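[1] Need a 3D model of the sequence below.
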Amino acid sequence: MEPLVDQYSRGALHGELGLGTFEAQLAAATGGGAAPPPAGSTFFDSRLGLAVRRWCPPLLGLEQHCTPVRYLARRRELGAYSAARALLRGSGIGTYLVGPDPDASGELTTPDELASAAEARAHEAVCLRQLAAQIADTSGTVGSFLTNTAEALYAAAREAIAFVSGDGFLEESAPELPEVHRAVGRWLRDRQRRLEPVLVRHLLWSALTTGRPVQLHCADPSPLTGFLHATSGLGATVILLPRAPHHRRAAQLAAAFPHVYADIGPRPAETLAEAPFGKLLFSTGARALPELYVVGARLFTGAMKRLLDDWVTDGCCGRGDAERIAARVAGGTARRVYALDAA
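    Residues are numbered from 1 along each chain as shown. Sure, this is the predicted structure:
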């Protein structure tokens, strides 16, 4: 299989990681909060922890399933950069699409830093909320904000691979201009205010006209049906990035709307049953730990291999078809949808 295209991640942490920091990131990756692990246990005692111990130690010159203490000691011995480089270059990912991380405060790698460490390609996806804040910093009036917004969106579209928005405030039409004027005025007078829903809508509908795909991060994509209907004639491309366990519903929406695509999620057997194979794209969703890129890639390739081997054995498809389907989901569709070859 060709190198994977990871359509959504947020970069890796700089610097050395002690046991506590590493475990905190494992907990965050599984949806855990700040609570400590159970007494006498560790966050390595989880499916994710076992996966890290299975696939990552050999990339650092250790045996599979070595103890967490030995693994982290080897990490420190190599140094943070060398360890991250070995992990990323062993992940099987050839192209990274890196989204924003508002809470990172510069502690995560930039797309260029990630590309250098991984010896791969990396592209930035621009957050519309962050873009609005940057525009406001240079706009003294409502008129200049709106003019600068249009210019900034098209400038970003020339450089970024996609725009990123959340799933809030997705009404079925763009806001009226007087609404936008009033909201901009209030926000410019008081930048401590949260970005108002009408401005989020204005930015999103404006981004949909730039020709760049828009990634929608959504907990449950079911409420987006009306919005997807309304955007179907704009020539825009929308990629749904739901949270588990809603990937199946996202695949159904991708099947229903020609301009909509979806993340394949952690269980390809479910999503491939709901949508044409060319509507689903792979991602790791990794953040902070380079190990999460390795685990995400291995879980995906393993699940796809098992599923497609079953299909071949059952006579559902031939081996050539299976290889073509795997290549499409692993990167072929992402290269087409995000125009990666042109980028």
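[2] burial measure for the residue found closest to residue 185 once you drop the neighbours it is linked to in the chain, as a count.
    If the residues on either side of it in the chain are set aside, residue 185 comes closest to residue 142, at 5.2 Å by C-beta to C-beta, 6 or more residues apart in numbering. Every residue, glycine included, has its C-beta placed from N, CA and C. Using other C-beta atoms under 10 Å, residue 142 has 17 other residues around it.
[3] Which residues are in contact with residue 142?
    Counting by C-beta atoms under 8 Å, 6 or more residues apart in numbering, residue 142 makes contact with 181, 184, 185, 188.
[4] Now stretch 333-343: buried residues?
    Neighbour-count burial for stretch 333-343 flags 333, 334, 335, 337, 338, 340 (criterion: 16 or more other C-beta atoms under 10 Å).
[5] okay, that stretch in PDB with CA atoms only?
    Extracted C-alpha coordinates of stretch 333-343, given in PDB (Å, rounded to 0.1, in the frame of the first residue of the first chain):
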ATOM      1  CA  THR A 333      -9.600  10.000  -2.100                       C
ATOM      2  CA  ALA A 334      -7.800  12.500   0.200                       C
ATOM      3  CA  ARG A 335      -5.400  13.300  -2.600                       C
ATOM      4  CA  ARG A 336      -8.300  14.100  -4.900                       C
ATOM      5  CA  VAL A 337     -10.600  15.900  -2.500                       C
ATOM      6  CA  TYR A 338      -7.900  18.100  -1.000                       C
ATOM      7  CA  ALA A 339      -6.100  18.500  -4.400                       C
ATOM      8  CA  LEU A 340      -2.900  17.300  -2.800                       C
ATOM      9  CA  ASP A 341      -1.000  16.700  -6.000                       C
ATOM     10  CA  ALA A 342      -1.600  20.300  -7.100                       C
ATOM     11  CA  ALA A 343      -0.600  21.500  -3.600                       C
END
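[6] Helices of the stretch 1-150 of the chain, start to end?
    With DSSP state H, counting those that start in this stretch, the ranges of helices along the stretch 1-150 of the chain come out as 19-29, 47-55, 68-78, 80-89, 111-118, 128-137, 142-159.
[7] Contacts only, for residue 12.
    Listed by C-beta under 8 Å, 6+ apart, the contact set of residue 12 reads 84, 88, 108, 109, 114, 117, 286, 288, 289, 290, 293.
[8] for the residues you listed, which one is nearest residue 44?
    residue 289 (12.3 Å; C-beta to C-beta).
[9] For that closest one, give me the pLDDT.
    You'll see residue 289 listed with a pLDDT of 96.
[10] what residues are up against it?
    So residue 289 contacts 12, 13, 17, 22, 25, 26, 29 (C-beta under 8 Å, 6+ apart).
[11] helices and strands around the longest helix seen in the chain, which ones?
    In the chain, taking DSSP state H as the definition, the longest helix is helix 290-314. Contacts defined by 3 or more C-beta pairs under 8 Å, 6 or more residues apart in numbering; DSSP states H and E place helix 290-314 against strand 4-9, helix 47-55, helix 80-89, helix 268-272, helix 319-327.
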